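Student: Just a sequence and a predicted model for now, questions to come.
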Amino acid sequence: MENGSNGEIPEDANEHCPGTQSESAGKSDSCAGCPNQEACATAPKGPDPDLVAIAERMATVKHKILVLSGKGGVGKSTISAQLSFALAAMDFQVGLLDIDICGPSIPKMLGLEGQDIHQSNLGWSPIYVESNLGVMSIGFMLPHPDEAVIWRGPRKNGIIKQFLKDVYWGELDFLVVDAPPGTSDEHISIVQFLQATGIDGAIIVTTPQQVSLIDVRKEVSFCKKVGINVLGVVENMSGLSQPLSAFQFKRITMSGEEEDLTEWVMSCLKEKAPEVLNLVACSEVFDSSGGGAAKMCSEMGVPFLGKVPLDPQLCKAAEEGRSCFSDNKCGASAPSLKRIIEKLVSAQMAERMDDVA
Ligand SMILES: Nc1ncnc2c1ncn2[C@@H]1O[C@H](COP(=O)(O)OP(=O)(O)OP(=O)(O)O)[C@@H](O)[C@H]1O
């Protein structure tokens, strides 16, 4: 479909189509014999009332940020969850909307599994982790967490529209939207529904290896095509970092048996070089010889936000629905995540100041 000055023009329309939203849609001379003539002549004209309702709801939201990824499993929900925790800890009023309809992991990552949505006369109420961090997810609506959601495009679009139209967020500084991987129906819907109300842009999450970066390039080009600003790319699982004391040391015998030598190694280190035990050991896990996300960003002209290493403690925090910033357990990953979030917030705030100036 093309977008004409008088609304959408269907691909199979006649030449000189006046546009489906035009007053003369289905009635002008050029409509004669068009397969859409009857539908155009009888369809109600004017703006979609749902889009008007969405615009009203979103009028109280200052910043809207989409979190995208080309592939599944690269840490998009983890970044969305930790970004939301961090923004809330900075005293912003935050909403986290999970539109990953087929695999909603946000309820677990925010420690909200098993919660139900309540309705008030203002609309659906988000589930609150704290007074300034509300969450909405299809996961709250499923009777069993292990039940598969097998929905076709129109039904998925319907629920996304309803989330945007019917959830009462109140005044928000940030609405973080965790999208499913790829560029599918859900992405087109959320962009279409939100664009009129202004989207700040998208954060794209990837891992360092080429197979993931190829899909990120598609994600960047999707954003460019639909007019979404790329706020930046995060390279997640970028090497493994953890304190040496967290490693296990094993000898693998010729017959493939494992012999655990951790105790022996640790006692040697304690005796001979105890300061080594305080070091963080790092190793590349995924091949980044192609230059990783930083190189891709400079080639595609989008900002690189930074790297977050693989950190078993971050995985644990996500499993337990905790913020990685609330204690010192995620020492390998929390500082990098914090730097990325601060960069993002200062860029968003600076833009807001530019708007005001
Ligand atoms: N930097 C990291 N270090 C350790 N574990 C991580 C890291 N990032 C993500 N994980 C873990 O990897 C798994 C996948 O992450 P997550 O669910 O966030 O990916 P996703 O891209 O949202 O996947 P999907 O789109 O398929 O839902 C989770 O168990 C998460 O805790």
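Tutor: Perfect, I can see it now.
Student: got the residues of the chain near the ligand?
Tutor: For the chain, the residues in contact with the ligand under the definition CB under 6 Å from any ligand atom are 69, 72-78, 100, 103, 105, 181, 236-237, 308, 310-311, 314-315, 318, 333. (C-beta placed from N, C-alpha, C; glycine too.)
Student: Just the buried ones among those, please.
Tutor: When neighbours are counted using 16 or more other CB atoms under 10 Å, those contain these buried positions: 69, 74-78, 100, 105, 181, 236-237, 308, 310-311, 314-315, 318, 333.
Student: Among the residues you listed, name the ones in strands.
Tutor: Within these, residues falling in strands by DSSP state E are 69, 236-237, 308, 310.
Student: Let's have those residues in TSV, adding distance to residue 340.
Tutor: Shown next, in TSV, are these (distance: CB to CB, whole Å):
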residue	distance to residue 340
69	15
236	10
237	14
308	7
310	15
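Student: Dump the residues you listed into JSON lines; add pLDDT and distance to residue 126 as well.
Tutor: What follows is these, written out as JSON lines (pLDDT from 0 to 100; distance: CB to CB, whole Å):
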{"residue": "69", "pLDDT": "93", "distance to residue 126": "23"}
{"residue": "236", "pLDDT": "95", "distance to residue 126": "26"}
{"residue": "237", "pLDDT": "93", "distance to residue 126": "29"}
{"residue": "308", "pLDDT": "95", "distance to residue 126": "26"}
{"residue": "310", "pLDDT": "93", "distance to residue 126": "31"}
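Student: closest to residue 9 among those?
Tutor: Distance ranking of these against residue 9, using CB to CB, places residue 69 first at 33.0 Å.
Student: residues contacting residue 172?
Tutor: Shown here is residue 172, whose contacts under the criterion CB atoms under 8 Å, 6 or more residues apart in numbering are 60-62, 93-95.
Student: whoops, I mixed them up, residue 308
Tutor: The neighbourhood of residue 308, defined by CB under 8 Å, 6+ apart, consists of 75, 79, 234-238, 314, 333, 336-337, 340.
Student: What does the pLDDT read for the residue in the stretch 151-300 of the chain that the ligand sits nearest to?
Tutor: Taking CB to the nearest ligand atom, the ligand has its nearest neighbour within the stretch 151-300 of the chain at residue 181, 4.3 Å off. Reading off the per-residue confidence, residue 181 sits at a pLDDT of 89.
Student: Return the backbone torsion pair for it.
Tutor: Geometry field for residue 181 lists phi and psi as phi -70, psi 150, criterion degrees, to the nearest 10.
Student: Point me to the helix or strand that includes the closest residue to it other than its chain neighbours.
Tutor: In space, residue 181 comes closest to residue 72 once its chain neighbours are excluded; the distance is 4.2 Å by CB to CB, 6 or more residues apart in numbering. Element membership for residue 72 (DSSP states H and E) is empty, with no helix or strand holding it.
Student: what's near enough to touch residue 72?
Tutor: Listed by CB under 8 Å, 6+ apart, the contact partners of residue 72 are 103, 180-181.
Student: Can you tell me which of these is nearest residue 161?
Tutor: Checking the contacts of residue 72 against residue 161 with CB to CB, the nearest one is residue 180 at 15.9 Å.
Student: Tell me if I'm right that the closest one and residue 105 touch.
Tutor: No: because the distance of 10.6 Å does not satisfy CB atoms under 8 Å, residue 180 is recorded as not touching residue 105.
Student: What distance do you get for the spatially closest residue to residue 17 that is not a sequence neighbour to residue 206?
Tutor: The spatial neighbour of residue 17 that comes closest, neighbours along the chain excluded (CB to CB, 6+ apart), is residue 9 at 4.9 Å. From residue 9 over to residue 206 the distance is 36 Å, taken as CB to CB, to the nearest Å.
Student: now residue 325
Tutor: In this structure, residue 325 lies at 22 Å from residue 206, with CB to CB as the measure.
Student: the more surrounded of the two?
Tutor: More crowded of residue 325 and residue 206, by other CB atoms under 10 Å: residue 206, with 30 against 18.
Student: how's this protein carved up into domains?
Tutor: Following automatic domain parsing, the chain resolves into domains at 1-46, 51-242+284-356.
Student: quick one, what contacts residue 235?
Tutor: Counting by CB under 8 Å, 6+ apart, residue 235 has contacts 206-208, 292-294, 304, 306-308.
Student: partners of it in the sheet?
Tutor: Assessed by DSSP bridges, residue 235 has beta-bridge partners residue 206, residue 307.
Student: Wait, residue 10 touches residue 20, no?
Tutor: Yes: Residue 10 is within contact range of residue 20, at 7.0 Å (criterion: CB under 8 Å).
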